[in-house]
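Engineer: quick one, structure for this:
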Amino acid sequence: MEQSQLLPNLFRTEYRKIVSVLCYLFGIENIEIAEDITSDTFLAATETWSIKGIPENPTAWLYTVAKNKTKNYLKRNALFEQKLSVEIKHTANKSEEIDIDLSNKNINDSQLAMIFTVCNPVNSGEAQIALALNLLCGFGIQEISDAFLTNKEVIYKRINRAKEKLKEANIKIEQPTISEINNRLETVLTTLYLLFSEGYYSTSQNTILRKDLCAEAMRLTFLLIENPTTNLPAVNALLSLMCFHSSRFDARTNENGETILYQDQDESLWNQELIEKGQFYLVQASTGNKLSKYHLEASIAYWHTQKEDTPEKWQNILQLYNHLLILEYSPIAALNRTFALAKTNGKQAAIIEAEKLNLTENPFYYSLLGNLYTDIDNTKAIQNFEKALKITNSPADKTTILKNISLIK
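Structural biologist: As a prediction, this is how the structure comes out:
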């Protein structure tokens, strides 16, 4: 791999690991120091490799330089010398020299601790996602602003405010205890779920970025599964859900970025390996006696990987939505349920239920009604599609809606 490709790739994969280890070592109050040392490491790589060429083991080179830069910082900085380095030495079995441990185990431990630190309810959901993308996934400010369809200044401020709140609350970066996992796992899973959704349902035309967001959410969820203390049924259910959804990623849009409705998707584009992984994690999630929304959503997603339109499929999906709405009501879940209702009880029954929702600010509400009214009352179908057209911000969705209108006319 050429340097022009190698360094950005290493930045994405290794930046987050080094930052996590250094934050774990220094504490959240010194998060900027961890980031500065890591950034300096990659700057040194850019400068050195352009002159001397790429080393035989680029990752090991980065780790060695990061260790040396950290040790140099500890030696010359009075605050660290007087306070932190004493504490670090004390916890490092009184070794003469502070060890910057970049082993796989310590990287994984550090990243697990960072997940529970970043996903803290002192920050809003949006702030948690932005901070997770930056610290846990190695995304730059520009990439995050592209994902949120906003400007860099907004994201920069959001991330900095999130860091300050963690410092003010004196949040410790440490391995979560059983009690901490019980209290905080729901918040962590919600953040990872929203991070995945940001990629899967994003209106951004940058397909690579959207896939990267989904992949990072899956990677962080898998980190939880790899650790025995967080390898719990709800975590497996969430990863199962992500696998099932990701399996249909390439079939959801055409070459112009236009949305392809589920019934029109090319099944040959579905990723069977991800479907099998989703099934595996869903089985793993079946232990215990607590049913989470992720269990139900993963089961719904499983049935969507069965392309054939059978009564059994849609009856199962409808019942799962009924359970989901009882467990945790969501207007979007209620809206999605009406599609299953149309499949089992007919369009008229679905129209009655859909119109009760009255989600007048949601373009998908009007698009669904447009589809339900098609061939029943085409005038109403067109009216609903036109309402959806007015309030949607997605160029791809606008193209799909216009296509639906043209088919009726």
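
Engineer: quick one: find the helix or strand in the chain with the lowest mean pLDDT.
Structural biologist: Lowest mean confidence among the helices and strands of the chain (mean pLDDT, DSSP states H and E): helix 85-91, at a mean of 51.

Engineer: and the helix or strand that comes right after it, what does it pack against?
Structural biologist: Following helix 85-91 in sequence order, the next helix or strand is helix 104-118 (DSSP states H and E). Under the contact definition 3 or more CB pairs under 8 Å, 6 or more residues apart in numbering; DSSP states H and E, helix 104-118 sits against helix 3-26, helix 178-200, helix 207-226. The C-beta positions use only the backbone N, C-alpha and C, and glycine is treated the same way.

Engineer: mind doing that once more with 6 Å?
Structural biologist: helix 3-26 (3 or more CB pairs under 6 Å, 6 or more residues apart in numbering; DSSP states H and E).

Engineer: what mean pLDDT would you report for the helix it packs on?
Structural biologist: In this model, helix 3-26 carries a mean pLDDT of 88.

Engineer: with stretch 241-261 instead?
Structural biologist: Per-residue pLDDT over stretch 241-261 has a mean of 88.

Engineer: buried set for it?
Structural biologist: Of all the residues in stretch 241-261, those buried under the rule 16 or more other CB atoms under 10 Å are 241-249, 251-253, 258-259.

Engineer: narrow those residues to those in helices?
Structural biologist: Residues from the buried residues of stretch 241-261 lying in helices, with DSSP state H as the criterion: 241, 242, 243, 244, 245, 246, 247.

Engineer: for the fifth one, give its distance to residue 383.
Structural biologist: Just to be clear, that refers to residue 245. In this view, residue 245 and residue 383 are 32 Å apart by CB to CB, to the nearest Å.

Engineer: could you do the last one as well?
Structural biologist: Noted for residue 247: a distance of 36 Å to residue 383, by CB to CB.

Engineer: next, the residue nearest to residue 224 when sequence neighbours are not counted: secondary structure please.
Structural biologist: Leaving aside its sequence neighbours, residue 224 sits nearest to residue 230 (CB to CB, 6 or more residues apart in numbering; 4.2 Å). When classified by DSSP: H, G, I helix; E, B strand; the rest coil, residue 230 comes out as coil.

Engineer: could I get the pLDDT score of residue 230?
Structural biologist: For residue 230, pLDDT reads 95.

Engineer: doesn't residue 222 make contact with it?
Structural biologist: No - using CB atoms under 6 Å, residue 230 is not in contact with residue 222, being 10.8 Å away.

Engineer: so which of the two has more stuff around it?
Structural biologist: residue 230 (21 against 13; other CB atoms under 10 Å).

Engineer: against residue 113, how distant is the more buried one?
Structural biologist: 11 Å.

Engineer: next: residue 74.
Structural biologist: 20 Å.

Engineer: fine by me, we can end here.
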